[in-house]
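# Here is my input, please return the structure:
(one chain, ligands or ions: 1)
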Amino acid sequence: MREKVVEVRGLKKSFGELDVLMGVDLDLYKGENVVVLGKSGTGKSVLIKIMVGLLTQDEGIMNVLGKEVSNLKANDLNELRLKIGFSFQASALYDSMTVRENLEFPLVRNVKGLSRTEKDKMVEEVLEAVGLSQTINQMPSELSGGQRKRIGIARTLILKPEIMLYDEPTAGLDPITCSDINNLINEVRENYNTSSIIITHDLTCARETGDRVAVLLDGQFGAEGKFEEVFKTPEDQRVKSFYDYNFIT
Ligand SMILES: Nc1ncnc2c1ncn2[C@@H]1O[C@H](COP(=O)(O)OP(=O)(O)OP(=O)(O)O)[C@@H](O)[C@H]1O
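Predicted coordinates for the structure are as follows:
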């Protein structure tokens, strides 16, 4: 039987009067890429924030790698977070640090007792994985948007996460660079044996990277399945309009 790494059941979250998640169910299996699609403000980021314990649900289950996140004490939550690579929307590199220093940063913070040689080896390995070995001594300001995204992904990979969360990985990139990032997401899955949740509005990204896609509509997943199944003849008008209003290359 396939191993489940994330199980979400009946998840609800409101902010005051605003009901954002209203009974969300989702499974992520080992080695799988699941894409979460949805209009702006539908609660995609809230969902992954609950997954990493940055927010707590009002009701329901958020089980990650066999643990209910909302029950974890600070130490256990930190341990869980180390197994989750969270690639933020803005890739958030430190501008005053070189690429090497940016990549070393998670190691310095989280792994004790590594020698200089070990750190160098780990940095070189992730840089090679994202195809940017030559940038090791550059500053983030000298890199293109696509390169910065790749370095952001490398920085999450350095701790060898079991789960990758990609928040809008292709936002603000031209179509060719988007396609490179989509390929990288698939390569990361192959080479690092990760399971991934990819949050995006980008239907090309969803089609290229998703084993399954799930469309968040009015607080619940309104459609879920393989990309073609979900979008070929959508019964739900909201799914159809999401497709019609999003450009696909
Ligand atoms: N900490 C918070 N306090 C109050 N409201 C919040 C908080 N976090 C999110 N929200 C609200 O929840 C809703 C969903 O936000 P969220 O960031 O998850 O949307 P999203 O689907 O990720 O959108 P986008 O695609 O634009 O990133 C929004 O209306 C947002 O204002």
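# Against the ligand, how distant is Glu68?
Distance, Glu68 to the ligand, using Cβ to the nearest ligand atom, to the nearest Å: 21 Å. Where C-beta positions appear, they are placed from N, C-alpha and C, glycine not excepted.
# ugh, wrong one, Asp236
Taking Cβ to the nearest ligand atom, one finds Asp236 at 18 Å from the ligand.
# Give me the nearest residue to that residue, chain neighbours excluded.
Gly222 (5.3 Å; Cβ to Cβ, 6 or more residues apart in numbering).
# so what are the domain limits for this structure?
4-83+162-244, 98-160 (automatic domain parsing).
# need those in TSV with mean neighbour count and mean pLDDT, can you?
Shown next, in TSV, are the domains of the chain (neighbours: other Cβ atoms under 10 Å; pLDDT from 0 to 100):
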stretch	mean neighbour count	mean pLDDT
domain 4-83+162-244	18	93
domain 98-160	17	94
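# CA atoms only for the biggest helix by length in the chain, dumped as PDB, please.
Looking across the chain with DSSP state H, the single longest helix is helix 175-192. This file holds the C-alpha atoms of helix 175-192, laid out as PDB (Å, rounded to 0.1, in the frame of the first residue of the first chain):
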ATOM      1  CA  PRO A 175       7.400  31.100 -19.900                       C
ATOM      2  CA  ILE A 176      10.800  29.500 -20.700                       C
ATOM      3  CA  THR A 177      12.100  30.000 -17.200                       C
ATOM      4  CA  CYS A 178       8.800  28.700 -15.900                       C
ATOM      5  CA  SER A 179       9.400  25.600 -17.900                       C
ATOM      6  CA  ASP A 180      12.900  25.200 -16.400                       C
ATOM      7  CA  ILE A 181      11.500  25.500 -12.900                       C
ATOM      8  CA  ASN A 182       8.800  22.900 -13.700                       C
ATOM      9  CA  ASN A 183      11.500  20.500 -14.900                       C
ATOM     10  CA  LEU A 184      13.500  21.200 -11.700                       C
ATOM     11  CA  ILE A 185      10.500  20.400  -9.500                       C
ATOM     12  CA  ASN A 186      10.200  17.100 -11.300                       C
ATOM     13  CA  GLU A 187      14.000  16.400 -11.100                       C
ATOM     14  CA  VAL A 188      13.900  17.200  -7.300                       C
ATOM     15  CA  ARG A 189      11.200  14.500  -6.900                       C
ATOM     16  CA  GLU A 190      13.400  12.000  -8.800                       C
ATOM     17  CA  ASN A 191      16.700  12.800  -7.200                       C
ATOM     18  CA  TYR A 192      15.700  13.500  -3.600                       C
END
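# Thank you, goodbye.
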